[in-house]
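Chemist: Just the structure for this:
(chains A, B, C and D)
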2 protein chains.
Amino acid sequence: MKTTFGEYIRLLRNKNELTLTQLAAKLNLDSANLSKIENGKRDFDEKRLPKLAKIFKLDLTELRNEYVTDQIGKQIYETNCTKQLLQVAEEKAEYRRTLKEKVI
Amino acid sequence: MKTTFGEYIRLLRNKNELTLTQLAAKLNLDSANLSKIENGKRDFDEKRLPKLAKIFKLDLTELRNEYVTDQIGKQIYETNCTKQLLQVAEEKAEYRRTLKEKVI
DNA sequence: TAAGACTTGTCATTTTTTGACAAATCTATA
DNA sequence: TATAGATTTGTCAAAAAATGACAAGTCTTA
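Modeler: Numbering: from 1, shown residues only, chains lettered A, B, ... in the order given. Model prediction:
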């Protein structure tokens, strides 16, 4: 089952037997705020992905994919976007890509 | 071909033969900022969707779908989210829906 | 070239997000 | 049960991002 990014961090943290305080310190982050992140009450700041990857020896690209899919999943959820509408959104993304080409 | 939300507004505006200034006034908006919206340099504020629907006699739900798919499409584009990753994002949205049920 | 339409740049204001800290609750164990 | 460490929650100031407003520019066309 897929998890949220916050749950994913908690999983990594527990597997590595770190406390909130310990991981928060490694991430230059307040432990109270890391708690909120793990519980989905705040977002993880994208700028910290490289640090997170390094701490847990993860591939940064894959980690970023975890992050991106979480962010988009969140937006899909919050906007009640159906599969059908998501298909439209994908087509619009594709359209934006064609726009970009024209600019070049 | 799908368009951005900004282009869609411009289309509506031209079809109804309104100038930027005229439509902006109806939307309680600065014409310069409406120009930026149409050109994709700013976002249309979701709060104005009801007003926009009324002006052009559009179904608000459909208009909101246009808006939502534009927003998600933009995020897909900006994050370079592939179709494969989008599938994952959809699963994560589904997971969030199951979380919500548990809260109840 | 004059007027209206549109675009671009800038900046103050508003809104949202983040960082930080205090205090509360929870959990395990001496 | 008392204590310590771990976690959660609430709050608020600071930082960052979005928005509103206005001036000045370019473009179009009559």
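Chemist: give the contact list for residue A:92.
Modeler: Residue A:92 sits next to B:2, B:3, B:4, B:69, B:70, B:72, B:73, B:74, B:76, B:77 when contact means Cβ atoms under 8 Å, 6 or more residues apart in numbering or on different chains. C-beta: built from backbone N, CA, C; applies to glycine.
Chemist: how much does the host helix or strand of the fourth one deviate in direction from helix A:60-78?
Modeler: It refers to residue B:69. With secondary structure defined by DSSP states H and E, residue B:69 is part of helix B:60-78. Counting by axes from the mean of the first three to the mean of the last three Cα atoms, to 10 degrees, helix B:60-78 points 180 degrees away from the direction of helix A:60-78.
Chemist: Same question for the helix or strand just after helix B:60-78: list its buried residues.
Modeler: Where DSSP H and E defines the elements, the next helix or strand beyond helix B:60-78 is helix B:83-103. Neighbour counts using 16 or more other Cβ atoms under 10 Å in any protein chain shown place B:85, B:86, B:88, B:89, B:90, B:92, B:93, B:95, B:96 of helix B:83-103 among the buried residues.
Chemist: Quick check: the gap between residue A:12 and residue A:43.
Modeler: 17 Å (Cβ to Cβ, to the nearest Å).
Chemist: Could you do residue A:69 as well?
Modeler: Residue A:69 is 14 Å from residue A:43, by Cβ to Cβ.
Chemist: more crowded one of those two?
Modeler: Using other Cβ atoms under 10 Å in any protein chain shown as the criterion, residue A:69 and residue A:43 rank with residue A:69 on top: 24 against 14.
Chemist: which residues touch that one?
Modeler: B:81, B:85, B:86, B:88, B:89, B:92 are the contacts of residue A:69 under Cβ under 8 Å, 6+ apart.
Chemist: in terms of contact, does residue A:29 touch residue A:51 like I think?
Modeler: No: the criterion here is Cβ atoms under 8 Å, and residue A:29 misses it with residue A:51 at 9.3 Å.
Chemist: Between these two, point out the one with more neighbours.
Modeler: Applying other Cβ under 10 Å to residue A:29 and residue A:51 shows that residue A:29 carries more neighbours, namely 17 against 13.
Chemist: In space, what's closest to that one - neighbours in sequence excluded?
Modeler: Of all residues not flanking residue A:29 in the chain, residue A:48 sits nearest, at 7.3 Å (Cβ to Cβ, 6 or more residues apart in numbering or on different chains).
Chemist: where does the one you found fall, phi/psi-wise?
Modeler: phi -90, psi 0 (degrees, to the nearest 10).
Chemist: Next one: it relative to residue A:55, how far apart?
Modeler: Remark: distance between residue A:48 and residue A:55 (Cβ to Cβ) = 10 Å.
Chemist: Residue A:9 too?
Modeler: Residue A:9 is 10 Å from residue A:55, by Cβ to Cβ.
Chemist: do the same with residue A:62
Modeler: Per Cβ to Cβ, residue A:62 is found 15 Å from residue A:55.
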